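Enquirer: Would you be able to build a 3D model of this:
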Amino acid sequence: MDNTRGGPGNRTGRIVSGALTAMLMMSSAALAQQQAPMLDELVSSGALPPLEERLPANPLVVEPVESVGVYGGTWRSALRGGLDNAWIARTVAYDGLVRYDREWKEIVPNLAESWEVSEDARTYTFKLREGLKWNNGTPFTSADIEFAVQLHKEPTYVGPGGFLRNPDNPVNIEVVDETTFRFVFENPTGVLMDELASVNGLTIVSLSKEYCGQFYPPLNPNASEEAKAAGFETWEAMMLNRCAWATETIRFANPDLPFMNAWMVEEPLTGNASRVTFVRNPYYWKVDTEGNQLPYIDRLDMRVSDSLEELTLMALNGEIDFQDRHIATVANQPLFFDGQEAGDYRLGENIPSSMNTMTIQFNMNHVDPVRRELFANRDFRIGISHLLDRQEIIDVVFTGQGEPFQAAPRPESPFYDEEMAKQYTEFDPEAADAAFKAAGLGEKNGDGFYTMPDGSPLQITIDTISAFRTEWTDMMELIQLQLEAGGIDVELNNIDRTLYYDKRPLGDYDAQIWQGDGGLDVIQEPRYYMPSGPESVWAFRWQAWFNGTTPDVAEEPAPWAKQQMDLYNQLREEGDAAKRDELMKQILQLAKENFPVIGVSLPGNGYFIAKNNMRNIPEPMLHAYLFPTPAPYDPFQWYFAAE
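Expert: Numbers count the residues shown, from 1 in each chain. Modelled structure (predicted):
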């Protein structure tokens, strides 16, 4: 059984990628284990046990990208505001039971040294490394995993849970011993290993029973009273505040919460913090090929600022050692290119997982029945697509980088379909006019704009959110001019992100834009191919029906979308990766035929900034969120070379 991306994982859990194979299989007992000098005094004073007592019996041996590193240094980067914990997830917090290899092709061992999957894909048995410890020195065992499962079964606990909280496929846990446990699902589940290997895999390994159990009534009968005494209305609220990994309740604000990651909280991320810092975890359970305990870098220092200009200036001044998030924009690229020598940094290449610089999603579930009928008409969307002069947008906004592209898998994806990617991308006003007539639009009025089928004025409002992507402002201004030149009266409505999301269940928006997720992570992120989740803004009410969420607005989907949903449910239960791929191809074929979402252009490759003396950073990097770049490239083996 394979363990490739999209598969359930090798049944022994021991097949790993190319150059890593020998090192990951190596017996660490033969290595002369070494620790960072900053820990020597703590060990000699007795404040910290010796290294052999801190490491598991079989630490994970990691082959460095270029060379064995040296200890020391502080990695400087930046957060854009106090809620920007995604950068922390991408740098610090990626250490689940399993993980992706550096090529995003295979799922490899991590905290779990091996796993087995039953033939019916209902039972997953994991074997943890013996002797794992949280950063406070307490054992990490099957009991911690069991606690996470039990907590997420509480109906009143609303923390993020993923597969732990799926009402359509409940999971139970069976603890065999301290290092062995089983997930037993009510129904087959073929995509569990990908969820565990993604950034979402943190939840199941981030809840220390010893620490978080103090907030849980079944383990502490006084938990509710203690929560109220601490200023919380319920024990659930205190649990979320102290232990949860969520946007609303920043997990990294609590330095007492145990970690299994390479670095642990030093200065916490609070609402008014100007920086958050992390320091090496003395109990980290990975070593390099010479037995040196990882990480090499001592500390992480993340400046917190709401100002994009400040973050950009920091990078130009050489005050950022590695970063791409927020600062690596198209507009900044010439600045950063010219500033390399003065800032003592280099630019590296990112290959984005996104398949589009922007998607335009017309609301096919509009509360106005006339607009609903229009926006749900495929010919109308085809007409809009033919009015976009994509090459002009690419030349003006992206300095010629990219190519016209619809909402479709990227060329690097095994699901790539050139016909799907290129359909209706020609700038062709005559074809647009024919499509609009087929959609039933009325004749143009005296201002040169198409009218509604009944002859009334047609003006379309497109919600935009320029604060998220600075280039979207330029793109939408061009798109507005292009559509109006072709006879579609367009108003741009630039709003903040909160309102952007609040409008979706109300259903009274015409269209919204967003980035083109799902270019490489096609199965995991199908939002533009089918109504899979709340980010499927083009059919928010259909996805509510599919997922059983917001039932007050849920609506039965069109037959073709229901067919996609049936196929996706089959896919989620299928244990064979090849069969899952075939089901996904059928879903994509329906998306191709029904053309629900309009794309603009395939993104050009992105970039990152790295100090010249920072080593073991591979290039290029695949860049995604579910594959949380740069974390799968093992920042714990990055190091600063001597000047």
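
Enquirer: from the chain's centre, how far out does the helix or strand hosting residue 238 sit?
Expert: Following DSSP states H and E, one finds residue 238 within helix 235-243. Going by C-alpha atoms, centre = their mean, to the nearest Å, the spacing between the C-alpha centre of helix 235-243 and its chain's C-alpha centre is 24 Å.

Enquirer: Direction included, what does the helix or strand immediately after it in the chain pair against?
Expert: Remark: after helix 235-243, the chain's next helix or strand is strand 263-267, criterion DSSP H and E. Strand 263-267 pairs in its sheet with strand 275-280 (antiparallel), by DSSP bridges.

Enquirer: Quick one: mean pLDDT over the helix holding residue 238.
Expert: Regarding helix 235-243, the rounded mean pLDDT is 91.

Enquirer: Mind giving me the packing neighbours of that helix?
Expert: helix 209-212, helix 223-229 (3 or more C-beta pairs under 8 Å, 6 or more residues apart in numbering; DSSP states H and E). C-betas here are computed from N, CA, C, even on glycine.

Enquirer: which residues sit against the shortest one?
Expert: Right, helix 209-212. Outside helix 209-212, the residues that touch it by C-beta atoms under 8 Å, 6 or more residues apart in numbering are 136, 138, 143-144, 146-147, 151, 219, 239, 242-243, 256-258.

Enquirer: what comes up buried for the top helix by length along the chain?
Expert: Longest helix in the chain, counting residues (DSSP state H): helix 577-594. The neighbour-count check on helix 577-594 (16 or more other C-beta atoms under 10 Å) flags 577, 580, 581, 583, 584, 586, 587, 588, 590, 591, 592, 594 as buried.

Enquirer: wait, the last one sits on residue 378?
Expert: Yes - taking contact to mean C-beta atoms under 8 Å, the distance of 6.2 Å between residue 594 and residue 378 places them in contact.

Enquirer: Please identify the buried residues of the helix holding residue 238?
Expert: So for helix 235-243, counting by 16+ other C-beta under 10 Å, buried means 235, 236, 237, 238, 239, 240, 241, 242, 243.

Enquirer: Then stretch 423-438?
Expert: 423, 424, 425, 427, 428, 431, 432, 433, 435, 436.

Enquirer: could you redo the helices and strands packed on helix 235-243 as JSON lines and give each row mean pLDDT?
Expert: Formatted as JSON lines, the helices and strands packed on helix 235-243 follow (pLDDT from 0 to 100):
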{"stretch": "helix 209-212", "mean pLDDT": "97"}
{"stretch": "helix 223-229", "mean pLDDT": "97"}
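
Enquirer: could you dump these to CSV with distance to residue 345 and mean neighbour count?
Expert: Converted to CSV, the helices and strands packed on helix 235-243 look like this (distance: least, C-beta to C-beta, whole Å; neighbours: other C-beta atoms under 10 Å):
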stretch, distance to residue 345, mean neighbour count
helix 209-212, 39, 20
helix 223-229, 47, 16
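
Enquirer: Just the terminal-to-terminal distance for stretch 129-143.
Expert: 14 Å (C-alpha to C-alpha, to the nearest Å).

Enquirer: Just the residues contacting the helix holding residue 238, thanks.
Expert: 151, 154, 156-159, 206-207, 211-212, 215-217, 223-224, 226-227, 230, 232, 246, 248-249, 251, 254, 256-257.

Enquirer: Which members of the residues you listed are classed as buried?
Expert: Buried, going by 16+ other C-beta under 10 Å: 151, 154, 157, 159, 206-207, 211-212, 215-216, 223-224, 226-227, 232, 249, 251, 254, 257, out of those.

Enquirer: Good, wrapping up.
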